[in-house]
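A.B. asks: Coordinates for the following, if possible.
(one chain, ligands or ions: 2)
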Amino acid sequence: MRVGLTGGVASGKSTVSAILAELGAVVIDADLLAREVVAPGTDGLAKIVEAFGEDVLAPDGSLDRPALGAIVFGDDEKRRTLEGIIHPRVRARGRELEEAAPPGSVVVHDIPLLVETGQPALFDAVVVVDVPVETQVERMMSLRAMSREDAEARIRAQATREQRIAAATYVIDNTGTREDLRDRVTEVFHELSARSGEGRR
Ligand SMILES: CC(C)(COP(=O)(O)OP(=O)(O)OC[C@H]1O[C@@H](n2cnc3c(N)ncnc32)[C@H](O)[C@@H]1O)[C@@H](O)C(=O)NCCC(=O)NCCS
Ligand SMILES: Nc1ncnc2c1ncn2[C@@H]1O[C@H](COP(=O)(O)OP(=O)(O)OP(=O)(O)O)[C@@H](O)[C@H]1O
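C.D. replies: Ligands and ions are numbered 1, 2, ... in the order given. Purely as a prediction, here's the structure:
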């Protein structure tokens, strides 16, 4: 059973992934892989320096993420250049990790840009974590100390709420408490597990 998990920035995907992992799913986190493939010494980081210059490196030689974020979330073409470097490497690593998962697992790919990159059809089910835009903005401002302007720029670089919901098999509303979220994720996991079992019979 291959599940795609997505949602807008700060909608609660990582929180949902953590609950799914506790319930027994194998979670593959694209944001985490997107960091691994640009770690110091990787060809991914070399390509980024080639495209964006040494200014996107921190003094210790690692990627200066806030500096690169300030460039790409204000310029669609530069963002596409960065995505062209990172996405193929993330996909290759995601496939490797999926192949290593125990047979019969519910494998969840947490992919922020699943809808934007046309991947819904690649999965047996698509789970969308949904909150209103204002909740995304408030969570980025209060929990990540981002300015309203930076938060809105990131949201503008993504699909709309409606576009994501149109691709969903299951929608997880995350406007309630963390306990409400856990209950809904547990319900969805049980449905996914049941479908996974049906697939094997
Ligand atoms: C620009 C970068 C360096 C900024 O790093 P930063 O640490 O501030 O953010 P982080 O990587 O933790 O991403 C946080 C969230 O921002 C959003 N986001 C990240 N990249 C993008 C993008 N290209 N388009 C739209 N939203 C994005 C996602 O919701 C993501 O969950 C980084 O986001 C990056 O390398 N982005 C390009 C790779 C990418 O597309 N990643 C997303 C999924 S693989
Ligand atoms: N129901 C909730 N109530 C209050 N805060 C929440 C709730 N769900 C998630 N959060 C908090 O909101 C923030 C965003 O959640 P999370 O990191 O899970 O989102 P994300 O979609 O993975 O974000 P990103 O797109 O940046 O990777 C986190 O600080 C998280 O602890």
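A.B. asks: Close to ligand 1: what parts of this protein are there?
C.D. replies: 9, 30-31, 34, 65, 68-69, 72, 79, 82-83, 86, 90, 112-113, 154, 157-158 (Cβ under 6 Å from any ligand atom). Just so you know, the C-beta spots here come from the backbone N, C-alpha and C atoms, and that holds for glycine as well.
A.B. asks: Pull out the buried members of those residues.
C.D. replies: When the residues of the chain next to ligand 1 are checked for burial by 16 or more other Cβ atoms under 10 Å, the buried set is 9, 30, 34, 68-69, 72, 79, 82-83, 86, 90, 112-113, 154, 157-158.
A.B. asks: Among those, which ones lie close to ligand 2?
C.D. replies: Among these, proximity to ligand 2 is found for 9, 112 (Cβ under 6 Å from any ligand atom).
A.B. asks: just curious, which of the buried ones among the residues of the chain next to ligand 1 is nearest to ligand 2?
C.D. replies: The closest of these to ligand 2 turns out to be Val9 (Cβ to the nearest ligand atom; 4.0 Å).
A.B. asks: What's the separation between the closest one and Ile155?
C.D. replies: According to Cβ to Cβ, to the nearest Å, Val9 stands 6 Å off from Ile155.
A.B. asks: just Asp31 next, same as before
C.D. replies: Taken as Cβ to Cβ, the span from Asp31 to Ile155 is 16 Å.
A.B. asks: Tell me if stretch 121-140 is near ligand 2.
C.D. replies: Yes: judged by Cβ under 6 Å from any ligand atom, stretch 121-140 comes into contact with ligand 2 through Arg139.
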